[in-house]
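Student: sequence first, predicted model second:
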Amino acid sequence: MSEHEIQGRPASELSDAELEQQGTQAHATRNWVFLHGSAEQFARHTTRMLELEQEYVHRFPRRTWQGSGGSGGSGGSVASRGSDPAVSGDGSGTPDPALAFLQRLADAGGRLHKLEAHQAAREVGLARAAVARLYTADPALVGTEGEDRVLTGAGRERLRAGA
């Protein structure tokens with residue numbers, strides 16, 4: 001059996017859907033291979049999983065902390081943007097993570113893939129419970145459309161109000 005048959009098609013040749021499916025499968029089987037596989041199986045699994053992960057980061061750099069480098073990538077911190085609506089409207093100049101997150105969505109055309117939205121929330125320091133409140137507010141400030149997270153009209157109004 002050739003190395004190509006053992007490893008599968010090179011990750012760079014997979015469709016986006018195949019890459020995500022194989023990456024998910026690799027992570028799902030990781031624990032079993034670690035606990036029950038041979039040293040050779042573990043090494044082969046590790047090599048393939050890393051290949052899939054590296055290709056994923058290459059294709060979707062904003063969906064993971066590795067691809068974003070852990071930074072916002074928008075040219076400075078929220079607090080350094082002067083009149084940015086992502087700064088709290090209470091006059092304190094304190095960054096409001098919820099507004100910063102809404103601004104990220106707006107800056108992206110009002111729509112981000114769910115993984116990019118998750119990463120943006122982490123980068124601005126928005127806690128999970130606070131993210132959830134953006135979806136469950138009445139009216140909702142953020143909505144879902146398939147795998148995308150979208151800024152609603154109410155979310156845009158919140159940005160304009162800055163409060």
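Tutor: Looks like it arrived, so ask away.
Student: Thr29 contacts His45, doesn't it?
Tutor: Yes - between Thr29 and His45 there is a contact at 7.2 Å, judged by Cβ atoms under 8 Å. Backbone N, C-alpha and C define where each C-beta goes, glycine included.
Student: higher neighbour count, these two?
Tutor: The neighbour count for Thr29 versus His45, taken as other Cβ atoms under 10 Å, is higher for His45 (17 against 13).
Student: grab the nearest non-local neighbour of that one.
Tutor: Val33 (4.5 Å; Cβ to Cβ, 6 or more residues apart in numbering).
Student: who touches stretch 41-49?
Tutor: 6-8, 23, 26-27, 29-30, 33-34, 37 (Cβ atoms under 8 Å, 6 or more residues apart in numbering).
Student: any idea of the mean pLDDT in that stretch?
Tutor: Averaging pLDDT along stretch 41-49 yields 90.
Student: next: stretch 61-73.
Tutor: Averaging pLDDT along stretch 61-73 yields 57.
Student: how many neighbours does Gly155 have?
Tutor: 25.
Student: show me what the helix or strand containing the residue nearest to His45 is packed up against.
Tutor: Following DSSP states H and E, the helix or strand that holds Val33 is helix 16-36. Applying 3 or more Cβ pairs under 8 Å, 6 or more residues apart in numbering; DSSP states H and E, one finds that helix 16-36 makes contact with helix 39-59.
Student: buried residues in the helix it packs on?
Tutor: 44-45, 48-49, 51-53, 55-57 (16 or more other Cβ atoms under 10 Å).
Student: hey, which helix or strand in the chain has the poorest pLDDT?
Tutor: helix 3-7 (a mean of 52; mean pLDDT, DSSP states H and E).
Student: hang on, the earlier thing: ok, the buried residues of helix 39-59 vs Ala17, which is closest?
Tutor: Tyr56 (12.1 Å; Cβ to Cβ).
Student: these two touch, right, that closest one and Glu18?
Tutor: No - in this structure, Tyr56 is not within contact of Glu18 by Cβ under 8 Å, at 11.3 Å.
Student: got any residues that touch both of these two?
Tutor: With Cβ under 8 Å, 6+ apart, Tyr56 and Glu18 have no common neighbours.
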